[in-house]
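Chemist: mind folding the following:
(one chain, ligands or ions: 1)
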Amino acid sequence: MTIEAQKSYIFQGKIDEQVPNVLKGEGVKITVEHNGVTQELIDGVTGAAVGALGWGDPDVLDMITEAAKVTSYSYPAYIGNKYSEALAKFYIDHSPEGAFASALWCGSGSESNENALKIIRQYHLEKNNVKKIKFISRKTSYHGFTIGSMSISSNPRTATFKDILLPSEQCPKMEVCYPYRNQKKNETTEEYVARLMTNLEELILKEDPETVAAVIVETLPGSSLGTSPPPPGYLPGIRKLCNKYDVIMMLDEVMCGTGRVTPNGGLNCWENFLTVEEGPDIQTVGKTLGSGYVTIAGILISPKMRNVFLEGSGRSMGAHTYSGHGFNCLVALKIQEKIQAQGLTKNIFKMGNLMGEKLKKTLEDSPVVGDVRGLGGFWSIEFVKNKDTKESFPLALDVTHRVQDQCFDNGLTVMGNQGCNDGTGDHVSIAPHFIVTEEDIDSIVTILTKSVGEIVEQLK
Ligand code: PLP
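Modeler: Numbers count the residues shown, from 1 in each chain. Predicted structure coming up:
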């Protein structure tokens, strides 16, 4: 094949498929072009839950210009920059007091999870717990597409690579927390959580606590499970087991964190479910940190972990060329300062919950909507063939992507995740910009409801 005959030069997804290209954006709306046709859409899922300030924020243009004037790049291993320091201090100061003591900035969520695994391993080595090498994570989880982050993930996409991942014995998988499908009839939430905790404790004991390094969960699981909020007692239960067996508790807040789902204007999703004493030992973040304007993600370290390093070797091993990138950190810091100054994390929590309530009402009678769930600025709709039995649609029907495409045609982006034959169902997720208004929410709800209705007709 000649180069001229190629339809796309991008090596991602279907190799020779040209996906729509975004031409411009303003606020919560984007204009895309596909096969010569332009279309305006409400960016309901902001890429993949990345956006906060919206497109074309005029202040960001100034932030970027100012940042470029004062910083570009230095190699962090021997010349630091005050902006990565300032961003770390900002995150720590805007988290509950005592939750975090240090941060490391990198370029993507996968990279942050990769680094976190290494930091956890070094933490145990610093304590001379040399046998602690196992990372327990959840069935159906998604933590990224690098080798380490895929090893702690568990879904059909990452399973494709199973032969080149960390040995499966090193990455045991625990039961997923998914009340819609897995809580038994006549089982109270308390009993369900107790069952999950018994399962986890049995797994830790079976693996041998001496070998277990960490338990890793997404606070509010995004792409794989469709924003199923942890029931009361679930995360505190994991905390207790981690304390009991000297295991690190790691939360992945790449998708749900940095203000998308916080009750009080803060930054961390876990503040909905945990006290600061119960908080994570280590946490990864990304996405809304740079609101899509700069590529930045990070790892937040608790005082407990930092102290072990300080009292041990005094060094965290490893420095990437672009760790703590000065320009990216300064732009992210200014973006976060604007988000805080304008109370936008409070806005998205309120508007998101309003959207969830409205979706529950408008989709209540739909014969294919089994569940509408989520919290704050992150919601999902699960589709079922039979609402009583919760039977999923056959994969071949690809109901998820039909709904996603129908929404697209009607002027809304949502993110589809196909049911995976792994106990999860077809669902689409919505994660609007933090600046979203009630009028925008109403448009999202109207388009989604209309699109689902049209798919129901098609399926008849
Ligand atoms: N962790 C979670 C929970 C995610 O949802 C994602 C991406 O969607 C990642 C990690 C990987 O982040 P990135 O795509 O920036 O590498």
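Chemist: Tyr245 touches Ile204, doesn't it?
Modeler: Yes - using CB atoms under 8 Å, Tyr245 is in contact with Ile204, at 5.4 Å. No exception for glycine: its C-beta is placed from N, CA and C like everyone else's.
Chemist: which residues are in contact with both of these two?
Modeler: For the pair Tyr245 and Ile204, residues contacting each of them under the criterion CB atoms under 8 Å, 6 or more residues apart in numbering are Val212.
Chemist: those two - which one has more neighbours?
Modeler: When neighbours are counted by other CB atoms under 10 Å, Ile204 comes out ahead of the other of Tyr245 and Ile204, with 22 against 17.
Chemist: now the more buried one, what's its secondary structure?
Modeler: Here Ile204 takes the helix state, with states given by DSSP: H, G, I helix; E, B strand; the rest coil.
Chemist: show me the contacts for it.
Modeler: Applying CB under 8 Å, 6+ apart, one finds that Ile204 lies in contact with 136, 212, 241, 245, 247.
Chemist: ok, Glu454 next?
Modeler: 406, 410.
Chemist: rerun that using 7 Å as the cut-off
Modeler: For Glu454, the contacting residues are Gln406, taking CB atoms under 7 Å, 6 or more residues apart in numbering as the criterion.
Chemist: helix, strand or coil for it?
Modeler: helix.
Chemist: so for the residue in the stretch 301-450 of the chain that the ligand sits nearest to, what's the pLDDT?
Modeler: Among the residues of the stretch 301-450 of the chain, Met415 lies closest to the ligand, at 9.4 Å counting by CB to the nearest ligand atom. The confidence metric pLDDT takes the value 96 at Met415.
Chemist: that one is in contact with Gly44, isn't it?
Modeler: No - with contact defined as CB atoms under 7 Å, Met415 and Gly44 do not form a contacting pair (8.6 Å).
Chemist: these two: which is more packed in?
Modeler: For Met415 versus Gly44, the count of surrounding residues by other CB under 10 Å is larger for Gly44: 29 against 22.
Chemist: just the element for the more buried one, please.
Modeler: Counting by DSSP states H and E, Gly44 is held by no secondary-structure element, helix or strand.
Chemist: likewise for Ala99?
Modeler: Element membership for Ala99, per DSSP H and E: none, as it lies in no helix or strand.
Chemist: who are the contact partners of it?
Modeler: With contact taken as CB under 7 Å, 6+ apart, Ala99 is in contact with 276, 279, 302.
Chemist: now do the residue of the stretch 301-450 of the chain closest to the ligand against Ala431, distance only.
Modeler: Relative to Ala431, Met415 is positioned 8 Å away (CB to CB, to the nearest Å).
Chemist: now do the shared contacts for those two.
Modeler: With contacts defined as CB under 7 Å, 6+ apart, the residues shared by Met415 and Ala431 are Val45.
Chemist: quick one: residues contacting whichever residue of the stretch 101-250 of the chain sits closest to the ligand.
Modeler: Residue nearest to the ligand within the stretch 101-250 of the chain (CB to the nearest ligand atom): Gly109, separated by 2.3 Å. Residues in contact with Gly109 (CB under 7 Å, 6+ apart) are 144, 254, 284, 286-287, 297.
Chemist: at 6 Å what do you get?
Modeler: Gly109 is in contact with 144, 254, 286, 297, counting by CB atoms under 6 Å, 6 or more residues apart in numbering.
Chemist: neighbours of the last one, how many?
Modeler: What it means is Ala297. Residues within reach of Ala297, counting by other CB under 10 Å, total 26.
Chemist: ok, now the second one?
Modeler: Here the neighbour count serves as a burial measure; for Val254 (other CB under 10 Å) it reads 30.
Chemist: low-confidence bits of the stretch 201-350 of the chain, can you list those?
Modeler: Residues of the stretch 201-350 of the chain meeting the criterion pLDDT under 70: none.
Chemist: what segments of the protein are strands?
Modeler: Under the criterion DSSP state E, strands of the chain are mapped to 21-26, 29-34, 37-42, 102-106, 134-138, 173-174, 212-218, 248-253, 282-285, 297-301, 369-375, 378-383, 415-417, 426-430.
Chemist: residues in contact with the fourth one: which ones?
Modeler: Right, the one you point to is strand 102-106. Outside of strand 102-106, the residues that reach it under the criterion CB under 6 Å, 6+ apart are 84, 88, 91, 112, 297-301, 306, 323-324, 329.
Chemist: mind running it again at 8 Å?
Modeler: Under the contact criterion CB under 8 Å, 6+ apart, strand 102-106 has outside partners 84, 87-88, 91-92, 112, 115, 119, 296-301, 306, 316, 320, 322-325, 328-329.
Chemist: those also near the ligand: which ones?
Modeler: Checked against the ligand using CB under 6 Å from any ligand atom, these give the following subset in range: Ala297.
Chemist: so which of the contacts of Ala99 is the most crowded?
Modeler: Counting neighbours by other CB under 10 Å, Gly279 leads the contacts of Ala99 with 23 neighbours.
Chemist: perfect, that will be all.
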